[in-house]
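Student: what's the 3D shape of this:
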Amino acid sequence: METIKVIIDWLDNYGAVSEQIPGCVATHQTYDGIKEAYTSALAFHKEGFTADEVPECLKGEFKLEFEETTRALLYRFDGILTRAAISRATGINEKQLRHYMSGFRKARPDKREKIVVAIHNIGKEFLSVV
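Tutor: This next block holds a predicted model:
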């Protein structure tokens, strides 16, 4: 089964695109909505191909794997987790997190991973409450 990697970003709305499927994009105001919108857009996009134009990844079974940019990830949890909490959990200062969120700076992959791990750890703390 082919895996199609879809990148979700944020700029006034969520946007989704895949390098494997040129020309297929979607936008939506919510995180759950963008996944649904991209899935629908891909189905519509696939219908527009002639038999010999269909990209290899769309021939046969495939699954979509959604990955958020650092900006989309921070925006998704804004209002749920404070930047101060994420800062304490990652060791990345709040100003830098704000830069990542606004798009003023782009987080390196290791910084993004640090943020993802911190959010997972915060989630584990919540789940440990009895």
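Student: Ile115 - nearest residue in space that isn't next to it in sequence?
Tutor: Leaving aside its sequence neighbours, Ile115 sits nearest to Thr90 (Cβ to Cβ, 6 or more residues apart in numbering; 5.7 Å). For every residue, glycine as well, the C-beta is placed using N, CA and C.
Student: and the longest strand along the chain, what does it pack onto?
Tutor: Across the chain, the longest stretch assigned as strand under DSSP state E is strand 2-10. For strand 2-10, the packing partners by 3 or more Cβ pairs under 8 Å, 6 or more residues apart in numbering; DSSP states H and E come out as strand 14-17, helix 31-47, strand 62-68, helix 70-77.
Student: Out of those, which is closest to Asn121?
Tutor: helix 70-77 (13.1 Å; Cβ to Cβ).
Student: how does this structure divide into domains?
Tutor: 2-68, 70-127 (automatic domain parsing).
Student: Any idea how far apart the tips of the shortest one sit?
Tutor: End-to-end distance for domain 70-127: 24 Å, by Cα to Cα, to the nearest Å.
Student: and if you look at stretch 20-28?
Tutor: Stretch 20-28 has an end-to-end distance of 21 Å (criterion: Cα to Cα).
Student: The most centrally placed residue in the chain bridge partners, please.
Tutor: Centroid check for the chain by Cα atoms, centre = their mean gives Glu68 as the closest residue, at 1.7 Å. The residues listed as beta-bridge partners of Glu68 by DSSP bridges are Ile8.
Student: ok, it touching Lys5?
Tutor: No - using Cβ atoms under 8 Å, Glu68 is not in contact with Lys5, being 11.7 Å away.
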